[in-house]
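*Asks:* Pasting the sequence and the predicted coordinates here, then a few questions.
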Amino acid sequence: MVGKSLISINDYSKEEYLRILDLTAEFEKKPSQNLLHGYVVATLFFEPSTRTRLSFESAVNRLGGKILGFADANVTSVTKGETLHDTIKMVQNYCDLIVIRHPLEGSARYASEVASVPVINAGDGANQHPTQTLLDMYSIKKTQNTLDDLNIFFVGDLKYGRTVHSLLMAMSKFRTTFNFISPDELKMPNEYKLYLDSLGLKYYEHKDFTDIISHADIIYMTRVQKERFSDPIEYEKVKNAYILRNNMLENTKDTVKILHPLPRVNEINEDVDENKKAYYFIQALNGVYTRMAIITSILGLK
Ligand code: CP
């Protein structure tokens with residue numbers, strides 16, 4: 001882990017996931033430590049973000065480090081034609097670690113091949129979002145007291161939603177049963193289903209979830225990713241395919257938790273927010289502790 005980039009959730013082993021989750025619990029108990037004193041972390045966001053960028057920055061600030069970077073590539077020399085290659089070659093001189101979000105799949109891997117410092121992928125197109133996955137796993141373990149043998153429902157945009165792709169890969173190491181609920185246009189891509197087949201793991205596909213969520217341990221809602229559609233009419237057709245409402249949770253397990261990587265649009269009605277089964281805002285808070293664990297592990301400070 002030390003000195004290594006984190007680009008795909010598959011860059012870490014099961015043991016490394018568990019190590020990060022244990023460390024996350026330590027940071028949750030004691031978040032203010034001066035471990036990053038003298039370190040500089042760059043956050044390069046070529047795509048919009050609220051949680052990921054700010055939780056990375058909060059993590060670094062709380063650990064006594066310094067942050068530089070941008071939240072909008074339009075204020076950088078990218079607008080003058082500077083390439084990603086050259087941007088990374090410059091930024092590596094100014095920091096100890098680069099966090100990058102970029103709309104192009106594979107861009108974070110490319111940045112890690114160019115950079116002399118470790119790179120963390122904060123989301124590359126519809127591909128991967130590994131730090132989100134680790135915070136999702138932390139949220140699952142914390143609320144279910146285990147990661148093993150759970151029944152997880154993924155609901156919504158399973159085609160373009162990078163968070164479900166990364167989470168599926170990681171949870172496949174814990175004998176998870178998956179339920180995929182999506183419209184035909186947004187089904188889980190075949191490559192992920194073939195991956196589960198190769199491991200002998202069970203998954204079920206559905207178009208509706210109202211009658212079946214009583215079996216769920218985790219209901220992982222997702223936003224339909226408007227920005228990934230080339231045709232706005234196609235987006236309009238599916239944008240409100242699933243809306244979770246409070247009354248739909250009546251017959252669900254007492255222990256079920258609703259997760260969502262956020263931002264939400266319409267897919268979770270606000271009447272769910274006060275239900276004790278709603279966990280998405282705490283999930284986002286867990287992102288600060290998880291990112292503390294990831295950064296300090298990569299920098300060899302923990
Ligand atoms: N979950 C997540 O990636 O949120 P942001 O797009 O706000 O960073």
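*Replies:* Great, that's in hand.
*Asks:* Helices along the stretch 101-250 of the chain, start to end?
*Replies:* 107-114, 130-144, 162-171, 190-199, 232-238 (DSSP state H, counting those that start in this stretch).
*Asks:* Run the angle between the third one and helix 190-199 for me.
*Replies:* Between the axes of helix 162-171 and helix 190-199, defined by axes from the mean of the first three to the mean of the last three CA atoms, to 10 degrees, the angle is 10 degrees.
*Asks:* give me the number of residues near the residue nearest to residue 142 when sequence neighbours are not counted?
*Replies:* Take residue 142 and drop its neighbours on the chain: the residue closest to it by CB to CB, 6 or more residues apart in numbering is residue 286, 7.3 Å away. The C-beta positions use only the backbone N, C-alpha and C, and glycine is treated the same way. By other CB atoms under 10 Å, the residues close to residue 286 number 23.
*Asks:* same thing with residue 32?
*Replies:* Other residues within reach of residue 32, judged by other CB under 10 Å, total 8.
*Asks:* do the same with residue 29
*Replies:* 8.
*Asks:* mind giving me the domain split of the protein?
*Replies:* Listed domain ranges for the chain are 9-128+287-298, 130-284 (source: automatic domain parsing).
*Asks:* I'd like those as a markdown table, with distance to residue 2 appended.
*Replies:* Output for these, formatted as a markdown table (distance: least, CB to CB, whole Å):
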| stretch | distance to residue 2 |
| --- | --- |
| domain 9-128+287-298 | 7 |
| domain 130-284 | 17 |
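*Asks:* Now do the contacts for the residue nearest the centre of the chain.
*Replies:* By CA atoms, centre = their mean, the chain has its centre lying nearest to residue 132, at 2.2 Å. Residues near residue 132 by CB atoms under 8 Å, 6 or more residues apart in numbering: 52, 123, 162, 163, 166, 167, 261, 287.
*Asks:* let's see 10 Å
*Replies:* Contacts here follow CB atoms under 10 Å, 6 or more residues apart in numbering; on that basis residue 132 touches 9, 51-52, 55, 121-123, 162-163, 166-167, 261-262, 283-284, 287, 290.
*Asks:* same deal with residue 59?
*Replies:* Applying CB under 10 Å, 6+ apart, we find residue 59 in contact with 27, 31, 36, 41, 65, 67, 99, 287-296.
*Asks:* Keep the contacts of residue 132, but drop any that are not near the ligand.
*Replies:* Filtering these for proximity to the ligand (criterion: CB under 6 Å from any ligand atom) leaves 51, 52, 123, 261, 262.
*Asks:* Looking at the residues you listed, which are in helices?
*Replies:* Mapping those onto helices (DSSP state H) picks out 51, 52.
*Asks:* Could you show which parts of the stretch 101-250 of the chain are in contact with the ligand?
*Replies:* So far as CB under 6 Å from any ligand atom goes, the stretch 101-250 of the chain lies against the ligand at 123, 132.
*Asks:* Of all residues in the stretch 101-250 of the chain, which one is closest to the ligand?
*Replies:* residue 132 (5.4 Å; CB to the nearest ligand atom).
*Asks:* Run a quick neighbour tally on residue 64.
*Replies:* Considering only other CB under 10 Å, residue 64 is surrounded by 14 other residues.
*Asks:* Let me see the contact set for it.
*Replies:* 32, 33, 34, 35, 36, 37, 38, 39.
*Asks:* dump the residue contacts of the fifth one.
*Replies:* Residues counted as contacts of residue 36 (CB under 10 Å, 6+ apart) are 59-67, 96-97, 292, 295-296, 299, 301.
*Asks:* pLDDT below threshold where in the stretch 151-300 of the chain?
*Replies:* Along the stretch 151-300 of the chain, segments meeting pLDDT under 70 span 228-229, 235.
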